[in-house]
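1. Compute the structure for the input listed below.
(chains A and B)
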Amino acid sequence: MIKIELNDVCLGYGRKTVLEGLTFTVSPGEMVGLIGPNGCGKSTIVRALSHIIVPLSGQVCIDGRAITSIPRRDLARLVGVVPQMPLLPSAFTAFEIVLMGRNPHLGLFQYEGPKELAIAWQAMERTDTRHLASRRVSELSGGEIQSLLIARVLAQETKAILLDEPTANLDIGRQVEVLDLIKNLCRENGLTVLAALHDLNLAAQYCDRLLLLHNGRIHAEGTPADVIKPKHIADVYGAENCVYTHPVSGLPCVLLNAGNGRAPQPGDVLKKK
Amino acid sequence: MNTTAPVRLLHWRSRVYSIFGLLLLLAAVMALATTIGSVRIPFMTTSGILVSRLPFIDITPTWAPTMETIILDIRLPRVILAGLVGAALAVAGATYQGLFRNPLADPYLIGVAQGAALGAVIGFLLPSQWHNIGFGIIPLLAFFGALASTAIVYSLARVGKTLPVTTLILAGVALGALLASIVSYLIISSGEQIHGILFWLMGSFSLSQWSEAWTVLPYVLLGAIIIVLYARPLNLMQLDEEQAQQLGINVERLKLILLAAATLITAAAVSFVGIIGFVGIIIPHAVRLLWGADHRFLLPLSVLTGAIFLILADLVARTALAPTEIPIGVITAICGAPFFLYLLRRRKRVLF
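-> Residues are numbered from 1 along each chain as shown, chains lettered A, B, ... in the order given. Got it, this is the predicted structure:
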């Protein structure tokens, strides 16, 4: 159970600032979504929270400790990352890739024992990827690789998970499966989850809180109902009149129509087919 | 669906058997290579002489003392040195390829060979009274030339606290070209030494002695042990560096340790026998084709395959046109290239 805290953090590369004034907390058992247009810095936040980049100013704390003071191996036992469109070595098999998730739990001179194999195998069952186990990565589709990366982060057994567009390559059935799995882990095991999501509907359905990034700052923050409002969506994405209420969950949802369509009328109800 | 983890999916057992198989093959090849030569000595006699030298084994000699001298003092050191150099170049090549995630990497990529060559050529050109220090000034200068050029490349490529791999390779290629041009100029103006220099540059085991084998051994042993211990982190380096870090690898420290180990054993290997090409690039690829890309097996299997290959290549080099010796670099390419191309065609699987 760990908390992720950012206090007035400024992120960027070299002299170029991407985001500034970032102050937020992600608590155990909470799933927070990062949303915003292309290039708004969602991935940059994920990279800062896994100590790939160091903030230009401000402090990132994991479990109450400054992230820069945590050795890499310890950090990898606390925070796991599902990267977006990663490079995987094509000569390795799917099972070998998942087994790599056990690395931070092994000493330098240790080999994976039965325990490691069992954990990796279980992670593959939960992500429904066992049938891929002996296939080479070069033979897998984008969606299969995405599922494999989820399996790897499960095998890593971290207390927090950062996801960078985890559903980008998945069909809608798999999107729901993957996010259900993450959400359950978050609920039942008290995992701390931060997900950069492109799909506003998925973000609204699954996340407890959303952070909308725009112009290098947090534009709006709060529950999905607070953040996905017509005004915010219009300000950030330039898409007018597209926010509705989901007929089942009652959460906001976004439906686009060509040329931004006509304004929704008071009597508009989504018909369930 | 079964719930037990499938160890068989990892193919560990067959690869462990392969390691033991190659150990036996290495012993057989060493015995074979010590048997064959200008003086005919029966295989059983050779084996008897070799085995009698192992601890706890007592065999009454049935052979002439001259045979023992030929086997133990002339042929065996040469065979052992060839094995050590083969092992060193192969495991260093596998390390560089893994570290740089580049199939074209070889042990000479970041300036080791050119540095060693410059050191050796300077050694050749020094006045003759310099040549009586220890086991000779040439290996000494070659060794330090190799280390110095790698150190220069390393410091040139360093950006802040990180060492970008691409910059390292480019700096290595650029400095290598500079050093090679100096070597070329020195060769042209070297006068009567030109033959010795060219022979050294193509590599040869013709002057091998026990003292040289014993000098190279600790470097190769230490370097290879360090590298093999870092096999799992090296596997993770096959992901991009960002993922390796997110899985708990201190990437910059790993690069430093592995570069130092691989450079040290390469420098030790080339300083006595010259620049032997081809082994460091082809053996790791052949091993990868036959046994897969997992470095925990790739590295030890490369050590053994490299040793076997270079012992056999040296055997051909000294016997094919006896009494003339063919430079070993010529043999490694002539024998190795067709075999590698055969493997490449037969197993059309992803190499990297």
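2. biggest helix in chain A, by residue count?
-> With DSSP state H setting the assignment, residue counts place helix A:172-189 as the longest helix in chain A.
3. From the contact counts, what lies against that one?
-> Secondary-structure packing of helix A:172-189 (3 or more Cβ pairs under 8 Å, 6 or more residues apart in numbering or on different chains; DSSP states H and E): strand A:31-35, helix A:142-156, strand A:160-164, strand A:192-196, helix A:200-206. Where you see a C-beta, it was placed from the backbone N, CA and C, and this is true even at glycine.
4. which intervals of chain A have sub-threshold pLDDT?
-> A:259-273 (pLDDT under 70).
5. Run through who's touching stretch B:324-339.
-> Under the criterion Cβ atoms under 8 Å, 6 or more residues apart in numbering or on different chains, residues B:82, B:199, B:202-206, B:273-279, B:282, B:286, B:309-310, B:312-314, B:316-318, B:320 lie in contact with stretch B:324-339.
6. and those residues, which of them are in strands?
-> Secondary structure from DSSP state E places none of these in strands.
7. Filter these down to the buried ones, ChimeraX style.
-> Command for ChimeraX that selects the buried part of these, burial taken from 16 or more other Cβ atoms under 10 Å in any protein chain shown:
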select /B:82,202,203,204,205,273,274,275,276,277,278,279,282,286,309,310,312,313,314,316,317,318
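8. Tell me, how many residues neighbour A:Leu256?
-> The criterion is other Cβ atoms under 10 Å in any protein chain shown. On that basis, A:Leu256 has 11 neighbouring residues.
9. Look up how far A:Pro230 lies from the closest residue to it other than its chain neighbours.
-> Leaving out its chain neighbours, the residue that sits closest to A:Leu256 by Cβ to Cβ, 6 or more residues apart in numbering or on different chains is A:Cys242, at 5.3 Å. Separation of A:Cys242 from A:Pro230 (Cβ to Cβ, to the nearest Å): 8 Å.
10. again, but for B:Pro327
-> 79 Å.
11. Could you do B:Ser208 as well?
-> With distances defined as Cβ to Cβ, the gap from B:Ser208 to A:Pro230 amounts to 83 Å.
12. The two: who's more crowded?
-> B:Ser208 (23 against 17).
13. can you give me phi and psi for the more buried one?
-> Backbone dihedrals for B:Ser208, given as degrees, to the nearest 10, come out at phi -70, psi 140.
14. Let me see the ranges of the helices in the stretch 1-150 of chain B.
-> B:12-35, B:43-52, B:65-69, B:76-100, B:112-125, B:137-157 (DSSP state H, counting those that start in this stretch).
15. Who are the packing partners of the longest one?
-> In this structure, helix B:76-100 packs against helix B:12-35, helix B:165-188, helix B:210-229, helix B:231-236, helix B:251-273, helix B:279-291, helix B:295-319, with contacts taken as 3+ Cβ pairs under 8 Å, 6+ apart.
16. Can you add mean pLDDT and distance to A:Ile172 and give those back as TSV?
-> Below are the helices and strands packed on helix B:76-100 laid out as TSV (pLDDT from 0 to 100; distance: least, Cβ to Cβ, whole Å):
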stretch	mean pLDDT	distance to A:Ile172
helix B:12-35	90	39
helix B:165-188	92	39
helix B:210-229	92	46
helix B:231-236	92	33
helix B:251-273	92	37
helix B:279-291	90	39
helix B:295-319	94	39
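17. So which of the ones you listed is nearest B:Ala90?
-> In this view, those are compared for proximity to B:Ala90 by Cβ to Cβ, and helix B:295-319 is the closest at 2.5 Å.
18. Which elements pack onto that closest one?
-> So helix B:295-319, by 3+ Cβ pairs under 8 Å, 6+ apart, packs with helix B:12-35, helix B:76-100, helix B:210-229, helix B:231-236, helix B:279-291, helix B:328-346.
19. Would you map the helices across chain A?
-> Counting by DSSP H, the helices of chain A are A:42-49, A:72-78, A:94-99, A:114-126, A:142-156, A:172-189, A:200-206, A:224-227, A:230-237.
20. Quickly compare these and say which is most buried.
-> Using mean count of other Cβ atoms under 10 Å in any protein chain shown, the stretch among these with the largest mean neighbour count is helix A:94-99, at a mean of 26.
21. what about that one and chain B, touching?
-> Yes. Looking at helix A:94-99 against chain B by Cβ under 8 Å from any Cβ of the partner chain, the contacts come from A:Phe95, A:Glu96, A:Leu99.
22. quick revisit: do you know how far the residue nearest to A:Leu256 is from A:Gly36?
-> Taking Cβ to Cβ as the criterion, A:Cys242 is separated from A:Gly36 by 16 Å.
23. Looking at these two, which is more packed in?
-> Just comparing A:Cys242 and A:Gly36: by other Cβ under 10 Å the higher neighbour count belongs to A:Gly36, 24 against 19.
24. for the residue nearest the centre of chain B, what are its contacts?
-> By Cα atoms, centre = their mean, the mean C-alpha position of chain B lies nearest to B:Leu89, the distance being 1.9 Å. Residues counted as contacts of B:Leu89 (Cβ under 8 Å, 6+ apart) are B:Pro107, B:Thr266, B:Ala269, B:Ile276, B:Val279, B:Gly280, B:Ile283, B:Gly306, B:Leu310.
25. The first one is in contact with B:Leu264, isn't it?
-> What that stands for is B:Pro107. No. With contact defined as Cβ atoms under 8 Å, B:Pro107 does not count as touching B:Leu264 (11.1 Å).
26. and these two? which has more neighbours close in?
-> Counted by other Cβ under 10 Å, B:Pro107 and B:Leu264 do not tie: B:Pro107 has more neighbours, with 32 against 22.
27. dump the residue contacts of that one.
-> Here B:Pro107 is in contact with B:Leu89, B:Ala92, B:Gly93, B:Tyr96, B:Ala113, B:Ala262, B:Thr266, B:Gly280 (Cβ under 8 Å, 6+ apart).
28. From B:Leu222, how far out is the first one?
-> In this structure, B:Leu89 and B:Leu222 are separated by 16 Å, where distance is defined by Cβ to Cβ.
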